[in-house]
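> Generate coordinates for the sequence data below:
(one chain, ligands or ions: 2)
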Amino acid sequence: MENNAKIFVAGHRGLVGSALVRELERRGFKNLVLRKSSEVDLRDQAAARAFFEAERPDYVLLAAAKVGGIVANNSFPADFIYDNLMIQNNVIHSSYLVGVKKLLMLGSTCIYPKLAPQPIREESLLTGPLEPTNEPYAIAKIAGIKMCQSYNRQYGTRFISAMPTNLYGPNDNFDLTTSHVLPALIRRFHEAKAAGAADVTIWGTGTPYREFVHVDDVARASLFLMERYEGWDPVNIGSGEELTIGELAKKVAAVVGFTGKTLFDSSKPDGTPRKLCDVSRIHELGWRHEIELEEGLASTYRWYLENRA
Ligand SMILES: NC(=O)C1=CN([C@@H]2O[C@H](COP(=O)(O)OP(=O)(O)OC[C@H]3O[C@@H](n4cnc5c(N)ncnc54)[C@H](OP(=O)(O)O)[C@@H]3O)[C@@H](O)[C@H]2O)C=CC1
Ligand SMILES: C[C@H]1O[C@H](OP(=O)(O)OP(=O)(O)OC[C@H]2O[C@@H](n3cnc4c(=O)[nH]c(N)nc43)[C@H](O)[C@@H]2O)[C@@H](O)[C@@H](O)C1=O
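Numbering: from 1, shown residues only. Ligands and ions are numbered 1, 2, ... in the order given. Next up, the predicted model:
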């Protein structure tokens, strides 16, 4: 991307979007187009079209989405499928109409079958049933991948997609109902320590495995793909390392300094048992993650203390 290129970061205030803005500014990109959802609701076709006609960005990083943890996905399936389909349709179609040079769409490793062979290769897509707790969201993301591929095929566009595993880092969502597990555990253990509580209850059985990658690594991977990847297939972004939710809880408790007991509420869903993604494709392209979980947990907790506690 040229230094003076006009780059639209859709969802710039979110976990991924804000990391993309930080990384772009660090690299000297100054011509960024940023809009809050209250300024341009990307679900609204006319508003999105008008915005693209007016701004005509050269590049688009699509990190705007309806995102949430397992209970949010399970509770609001219509919102997750509708919002994400509408945002993707409008951004991808308008990008084609105004001749955007290249677009990167952020998907998720939730798109893969619940019981895909692990570690999960990109080729596993659509080879089996999805995890029910986030199927509507996954279907929307799969539709986004197929839309990018279809526009590339029919119109010669350069629309690529990346599938990050579970993300975490500064500016995450720490709401205990709608957030993902890692920020939720940081808040739960922090508040328990502050209250002098004897125990903390977390969701599920603690036995599912999850992989985590720091959002600054995802921002670097996204810009790496924008510069170096012209393929139509999705590319996984991950650390290639997994641990159980129970092990994660122990690590978060240690970082926070909570010494009480951890209890498990098995009335809450576990979700998919494992979703370690195969990162050999992006490794072969030349990208690797840099931030290990221990370091990322400590820096994210510091950020939480300075900004959310
Ligand atoms: N968080 C995670 O663990 C993972 C996330 N991803 C993917 O990364 C991408 C970003 O996720 P994340 O950063 O976590 O999400 P966040 O919820 O942190 O941010 C989402 C952003 O999307 C914007 N947005 C939502 N709805 C609209 C709308 N109708 N119109 C315009 N903007 C809208 C919001 O803007 P505003 O603040 O102005 O309302 C917000 O900035 C998503 O595609 C997600 O699927 C993939 C794997 C894991
Ligand atoms: C990121 C990716 O993947 C997401 O799916 P998920 O990984 O299953 O989401 P999750 O982070 O909310 O849960 C992970 C595990 O953790 C356990 N768990 C314990 N205690 C808490 C807790 O307090 N909060 C939450 N949220 N989970 C908890 C929880 O029971 C589950 O076993 C999609 O929603 C979708 O957003 C997507 O794209």
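
> which residues touch the residue of the chain found nearest ligand 1?
Per C-beta to the nearest ligand atom, Gly14 is where the chain lies closest to ligand 1, at 2.1 Å. The way it works is simple: take the backbone N, C-alpha and C, and place the C-beta from them, glycine included. By C-beta atoms under 8 Å, 6 or more residues apart in numbering, the residues touching Gly14 are 63-65, 67, 171.

> give me that answer again for 10 Å
Listed by C-beta atoms under 10 Å, 6 or more residues apart in numbering, the contact set of Gly14 reads 20, 37, 63-65, 67, 106, 171-173, 215.

> ok, which pair from these is furthest apart?
Greatest spatial distance among these (C-beta to C-beta): Ser37 and Val215, at 19.2 Å.

> out of the two, which sits in the busier spot?
Val215 (26 against 16; other C-beta atoms under 10 Å).

> Name the nearest residue to that one, ignoring sequence neighbours.
Spatially, and ignoring its direct neighbours in sequence, Val215 is nearest to Gly169 (3.5 Å; C-beta to C-beta, 6 or more residues apart in numbering).

> The one you found touches Ser18, doesn't it?
Yes: counting by C-beta atoms under 10 Å, Gly169 touches Ser18, with 9.2 Å between them.

> roughly how far out does stretch 275-282 sit from the chain middle?
Relative to its chain's centre, stretch 275-282 lies at 15 Å (C-alpha atoms, centre = their mean, to the nearest Å).

> Output that stretch as CSV - backbone C-alpha positions only.
This file holds the C-alpha atoms of stretch 275-282, laid out as CSV (Å, rounded to 0.1, in the frame of the first residue of the first chain):
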residue,chain,number,x,y,z
LYS,A,275,-10.2,-25.2,17.6
LEU,A,276,-6.5,-25.1,17.2
CYS,A,277,-5.8,-23.7,13.7
ASP,A,278,-3.1,-24.8,11.4
VAL,A,279,-0.9,-21.8,10.7
SER,A,280,1.5,-23.3,8.2
ARG,A,281,0.1,-21.4,5.3
ILE,A,282,0.8,-18.0,6.8
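
> follow-up on the earlier one: so what sits against both of Gly169 and Ser18?
215, 219.

> is it true that Ile120 touches Glu131?
No: counting by C-beta under 10 Å, Glu131 is not a contact partner of Ile120; they are 11.8 Å apart.

> Walking through the stretch 1-150 of the chain, point out its strands one by one.
7-10, 32-33, 59-62, 102-106 (DSSP state E, counting those that start in this stretch).

> The stretch 151-300 of the chain now?
With DSSP E, counting those that start in this stretch as the criterion, the stretch 151-300 of the chain has strands at 159-164, 166-168, 199-203, 209-214, 235-237, 242-244, 261-265.

> In the third one, which residues are buried?
This points to strand 199-203. Under the neighbour-count criterion of 16 or more other C-beta atoms under 10 Å, strand 199-203 has 200, 202-203 buried.

> near ligand 2, which residues of the stretch 101-250 of the chain?
With C-beta under 6 Å from any ligand atom as the criterion, the stretch 101-250 of the chain comes near ligand 2 at residues 108, 110, 134, 137, 166, 179-181, 184, 202-204, 208, 210, 245.

> Out of the strands of the stretch 151-300 of the chain, which one sits most buried?
Comparing the strands of the stretch 151-300 of the chain by mean neighbour count (mean count of other C-beta atoms under 10 Å), strand 235-237 ranks first with a mean of 26.

> That strand vs ligand 1: in contact?
No: against ligand 1, strand 235-237 shows no contacts by C-beta under 6 Å from any ligand atom, the least distance being 8.5 Å.

> follow-up on the earlier one: for the buried residues of strand 199-203, give me TSV that also has pLDDT and distance to ligand 1.
Below are these laid out as TSV (pLDDT from 0 to 100; distance: C-beta to the nearest ligand atom, whole Å):
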residue	pLDDT	distance to ligand 1
Val200	98	21
Ile202	96	17
Trp203	97	16
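
> Tyr304 contacts Arg188, doesn't it?
No: applying C-beta under 10 Å as the test, Tyr304 and Arg188 come out as separate, 11.6 Å apart.

> Neighbour count: those two, which is higher?
Neighbour count, other C-beta under 10 Å: between Tyr304 and Arg188, Arg188 has more, with 24 against 18.

> so how far is Leu34 from the more buried one?
Separation of Arg188 from Leu34 (C-beta to C-beta, to the nearest Å) stands at 32 Å.
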